[in-house]
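*Asks:* sequence below, structure please.
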Amino acid sequence: MLGILSADFLIPNGLLIAGLSSVLFGVIVLSSGKRLPRQGDWLAGLGVLLIFAWVILSWGTDHQWLVGWIWPKNEAISLQIGIWSDVLGSTLTFVGALLAGILLLSRRSAGDAPQRVERQYSASALSVSGLAFCWYALTPWLVFVGLGITLLGGVISLAASWDQDADAGIVASFIKERVASLTLMVIGASALASMGVPLQFAHLETVKAWDFSSGLEVQALGAGLLVFGWVLFVLPFPFLTYLARPSSVLPASRLTFAQLLPSWGAFAILFRLYPQLQATGVLPYFGWLALAASVLSSFMGFLQKDWKLALNCWLSSAFGFSAASLLFCGPTAAFACLICTGLAACMLAQSGCTLEDGKSSSETPKASTVNGNSKATWAKVSAFFAAAVGTGMIGFASCFGFIQTLGRSLYDVGLAVGFGIVLFLLSALIFRLALQQTQLSRSTPASWFSVLSPYLLLIPGVGILWNGSISGGALPAGVDLVQVMTIWDLPAYLNPKLITLDENGFLTASWIHWWVLVIAGLAAYWFSVGKRDAVVSITERFPKFSSFVAHGYGMDLVLTRTFAGIHWVGNMLETAINDRFWNRFVPRVSKATTEFVGKTSASLDEAITVRITSGVRHFVDVPAKLLQLIHNGDVQWYLFFAIASGIAVLIHFLRF
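*Replies:* A predicted model of the protein is given here:
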């Protein structure tokens, strides 16, 4: 009995029980939620609660369990499925479950179709379980399974109103883009596994670089496809139009289940395989792609008229910055940027939804006006806190992430300038979003839990919980560290206590960071506050260019033309091969060949027959004429044969 209750049994099997139970609960709520009490929110919440319980149970452990495998276990080509419980995975799973739990408790995820709220509840349970499988995976194969589950949650969330044409288009685009990128990752990992490359995750300090001594081309291609598929999965590039498509689903649900949790799950692959992939030399190329996609997404966000679509673009741009930070500067700074930007986006989505409820509250009784004004004030303040978390203000972990990223990019001036530009665009856009939300409503009838839920999301981003730094990493050499037990006791390769810049690099990066924030704040104020929004003026003066940028730089048209071109080429090949080649050319050639062979065979047959007949006739003529001569009736020939026969008999008997 004690053996069953041991950690070696509970922790690996606990993830399977909690994760699969959460998936089962999500499916039940999806299929039967309308017939369940409260549309099944309690059952979906139970699935999320199981994930919470498992995270708490496994917190602080650092152990690996091999659950199963395909092909010989000890061979390099073995496809192993296992669980790795460490603080890194617990952190991401905890924050993801917190986001889903807040959406469940606020009961605001129904959007404009409250009769379909059970789909959002189902998405909560599925997405959190998928995220847990991604970050507790020992090999990429379990990560791919987890990504598939999170994608299912995203599809269900977006499909809450897919009977509408706009939402149906978003769902179709989401499925095509994410499945295509996931397929590329699976193909890349399969190519590496086929060449005997070990794909089991390991501690950074004990990991060994992949041996590319044999099959270099296939292994390099596999690594490139894996990273390229990951970049396409995390970023919308080149499928930027998805960000600018409006939806009836509330932004908190769309942001969390369709963008945030699937991308967080995909980051597990690069965080776990970072040292091996870094040794291949392919990461910097995709880092520039991530920076370019981040810039494009930011410009799209500035020209959006709806703050919800602008928030989608901002989160995509933030993912681009985090991905570039990971690919160029390593996982130390990227981890803090990834967590805090996601929290900031969800805080803005929650506060924006709360304030938008006040648009229809003009007829609210006077008795509740004061209460509604107070709620709106708290919601607007939370929007500025979200901007602080998302830009790296003092006291938040993102401060450490942005400064470390800038500092580690100083070895290349072009790279440092690129990170500075992206940080400026990110900061200006989120400041503009916060200022826009202050103009939404002066009062809101939303519940106090919905109003205060962004402050719950603020807690995981506080710097002192990460490394005990009061400033969140804004001061050099850890001069503000306090002796407290930190919640995020991260591994050595992610712990800010152990990894710091030198003093000159830190001061340079810090100055760049603060000046960028100041300029970005002034730019956001100029764009958003005043008699007229500057973006509106730009849109009116340059309508075609603004529409071109706001709708994804015409990428839909480019992709449509590309697919149309591929279709045209396919039709031409079909016509050329099927009609002209098989139906025309091949029969003609076959007929001509058959006729030529027939005529040649007939000519040869005739010539051979004549030669054989002539030869046989000459061969038979001599004995035939001899026999004819003998049998012509002349007595002399008979006398000759008689004498010859007598002589032959006489010779025979004379031998004896």
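*Asks:* isn't V422 right next to S316, touching?
*Replies:* No. V422 sits out of contact with S316 when judged by C-beta atoms under 8 Å, with a separation of 11.9 Å. No exception for glycine: its C-beta is placed from N, CA and C like everyone else's.
*Asks:* okay, and the common contacts of these two?
*Replies:* Common neighbours of V422 and S316, using C-beta atoms under 8 Å, 6 or more residues apart in numbering, are S294.
*Asks:* report all helices and strands that the host helix or strand of A349 contacts.
*Replies:* Taking DSSP states H and E as the definition, A349 sits inside helix 331-356. For helix 331-356, the elements it packs on are helix 87-106, helix 251-253, helix 261-280, helix 307-329, helix 369-391, helix 397-408, helix 413-437, helix 448-458, judged by 3 or more C-beta pairs under 8 Å, 6 or more residues apart in numbering; DSSP states H and E.
*Asks:* and the ones you listed: which comes nearest G615?
*Replies:* Distances from G615 to each of these were compared by C-beta to C-beta, and the smallest falls on helix 261-280, at 76.5 Å.
*Asks:* buried residues of the closest one, list them for me.
*Replies:* Buried positions in helix 261-280, judged by neighbour count with 16 or more other C-beta atoms under 10 Å: 261-277, 280.
*Asks:* same question for stretch 466-478.
*Replies:* For stretch 466-478, the buried set under the neighbour-count rule, 16+ other C-beta under 10 Å, comprises W466, N467, G468, S469, I470, S471, G472, G473, A474, L475, P476.
*Asks:* which ones among the residues you listed are found in strands?
*Replies:* Using DSSP state E to define strands, no part of these is located there.
*Asks:* coming back round to it: CSV for the helices and strands packed on helix 331-356, including distance to I81?
*Replies:* As requested, those are exported to CSV (distance: least, C-beta to C-beta, whole Å):
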stretch, distance to I81
helix 87-106, 15
helix 251-253, 31
helix 261-280, 14
helix 307-329, 25
helix 369-391, 36
helix 397-408, 32
helix 413-437, 37
helix 448-458, 33
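*Asks:* can you redo these as TSV with mean pLDDT and distance to F299?
*Replies:* Converted to TSV, these look like this (pLDDT from 0 to 100; distance: least, C-beta to C-beta, whole Å):
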stretch	mean pLDDT	distance to F299
helix 87-106	87	27
helix 251-253	82	20
helix 261-280	87	20
helix 307-329	89	8
helix 369-391	83	18
helix 397-408	88	20
helix 413-437	90	7
helix 448-458	86	27
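*Asks:* off-centre distance for stretch 519-526?
*Replies:* Stretch 519-526 has its average C-alpha position 33 Å from the chain's average C-alpha position, going by C-alpha atoms, centre = their mean, to the nearest Å.
*Asks:* and the pLDDT for W71?
*Replies:* In the predicted model, W71 carries a pLDDT score of 59.
*Asks:* same check on A349?
*Replies:* A349 carries a pLDDT score of 88 in this model.
*Asks:* nearest to A290, of the helices and strands packed on helix 331-356?
*Replies:* Short answer: helix 307-329, nearest of the helices and strands packed on helix 331-356 by C-beta to C-beta, at 4.1 Å.
*Asks:* tell me the angle the closest one makes with helix 331-356.
*Replies:* Compare the direction of helix 307-329 with that of helix 331-356 by axes from the mean of the first three to the mean of the last three C-alpha atoms, to 10 degrees and you get 180 degrees.
*Asks:* for helix 307-329, packing partners?
*Replies:* Secondary-structure packing of helix 307-329 (3+ C-beta pairs under 8 Å, 6+ apart): helix 216-234, helix 251-253, helix 261-280, helix 283-302, helix 331-356, helix 397-408, helix 413-437.
*Asks:* turn those helices into a markdown table, including distance to L517.
*Replies:* Below are these laid out as a markdown table (distance: least, C-beta to C-beta, whole Å):
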| stretch | distance to L517 |
| --- | --- |
| helix 216-234 | 25 |
| helix 251-253 | 25 |
| helix 261-280 | 25 |
| helix 283-302 | 15 |
| helix 331-356 | 14 |
| helix 397-408 | 9 |
| helix 413-437 | 5 |
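*Asks:* looking at the ones you listed, spot the one closest to V589.
*Replies:* Shortest separation from V589 across the helices and strands packed on helix 307-329 is recorded for helix 216-234, at 38.3 Å, computed as C-beta to C-beta.
*Asks:* any idea which helix is longest in this protein?
*Replies:* Ranked by residue count, the top helix of the chain under DSSP state H comes out as helix 586-630.
*Asks:* give me the mean pLDDT for the very next helix or strand once past it.
*Replies:* Helices and strands here follow DSSP H and E; after helix 586-630, the next one along the chain is helix 635-654. Averaging the model's pLDDT scores along helix 635-654 yields 75.
*Asks:* before we move on, back to that, which among the helices and strands packed on helix 307-329 is found nearest to L131?
*Replies:* Each of the helices and strands packed on helix 307-329 was checked against L131 via C-beta to C-beta, and the shortest separation belongs to helix 261-280, namely 5.0 Å.
*Asks:* how big is the angle separating the closest one from helix 87-106?
*Replies:* Angle, helix 261-280 to helix 87-106, by the same axes, to 10 degrees: 160 degrees.
*Asks:* so A318 makes contact with G390?
*Replies:* Yes. A318 is in contact with G390 according to C-beta under 8 Å; the separation is 6.9 Å.
*Asks:* any idea how far the helix holding A349 is from the chain center?
*Replies:* On the basis of C-alpha atoms, centre = their mean, helix 331-356 sits 20 Å off its chain's mean C-alpha point.
*Asks:* neighbours of F133, how many?
*Replies:* By the criterion of other C-beta atoms under 10 Å, F133 has 29 neighbours.
*Asks:* any idea which element it lies in?
*Replies:* Taking DSSP H and E as the definition, one finds F133 inside helix 117-135.
*Asks:* any idea how far C134 is from the residue nearest in space to the middle of the chain?
*Replies:* Taking C-alpha atoms, centre = their mean, the centroid of the chain lies closest to F233, which sits 2.4 Å from it. Taking C-beta to C-beta, to the nearest Å as the measure, F233 falls 12 Å from C134.
*Asks:* same question for M300.
*Replies:* Distance, M300 to C134, by C-beta to C-beta: 28 Å.
*Asks:* between those two, who's got more neighbours?
*Replies:* Counting neighbours by other C-beta under 10 Å for M300 and for C134 shows that C134 has the greater number, 30 against 27.
*Asks:* secondary structure class of G188, three-state.
*Replies:* Using DSSP: H, G, I helix; E, B strand; the rest coil, the structure places G188 in helix.
*Asks:* for the residue nearest to R442 when sequence neighbours are not counted, the count of nearby residues, please.
*Replies:* Spatial nearest neighbour of R442, excluding adjacent residues (C-beta to C-beta, 6 or more residues apart in numbering): A376 at 5.7 Å. As a burial measure, A376 scores 26 neighbours (other C-beta under 10 Å).
*Asks:* hang on, the earlier thing: alpha carbons of the helix holding F133, as PDB, please.
*Replies:* The C-alpha trace of helix 117-135 is given here as PDB (Å, rounded to 0.1, in the frame of the first residue of the first chain):
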ATOM      1  CA  VAL A 117     -21.400  28.700 -22.900                       C
ATOM      2  CA  GLU A 118     -20.800  24.900 -22.400                       C
ATOM      3  CA  ARG A 119     -18.300  25.000 -25.300                       C
ATOM      4  CA  GLN A 120     -16.100  27.500 -23.500                       C
ATOM      5  CA  TYR A 121     -16.300  25.400 -20.400                       C
ATOM      6  CA  SER A 122     -15.200  22.400 -22.400                       C
ATOM      7  CA  ALA A 123     -12.400  24.400 -24.000                       C
ATOM      8  CA  SER A 124     -11.100  25.300 -20.500                       C
ATOM      9  CA  ALA A 125     -10.700  21.700 -19.400                       C
ATOM     10  CA  LEU A 126      -9.200  20.500 -22.700                       C
ATOM     11  CA  SER A 127      -6.700  23.400 -23.100                       C
ATOM     12  CA  VAL A 128      -5.400  23.100 -19.500                       C
ATOM     13  CA  SER A 129      -4.900  19.300 -19.800                       C
ATOM     14  CA  GLY A 130      -3.100  19.700 -23.100                       C
ATOM     15  CA  LEU A 131      -0.800  22.400 -21.700                       C
ATOM     16  CA  ALA A 132       0.000  20.000 -18.800                       C
ATOM     17  CA  PHE A 133       1.000  17.200 -21.200                       C
ATOM     18  CA  CYS A 134       3.200  19.600 -23.200                       C
ATOM     19  CA  TRP A 135       5.200  20.900 -20.200                       C
END
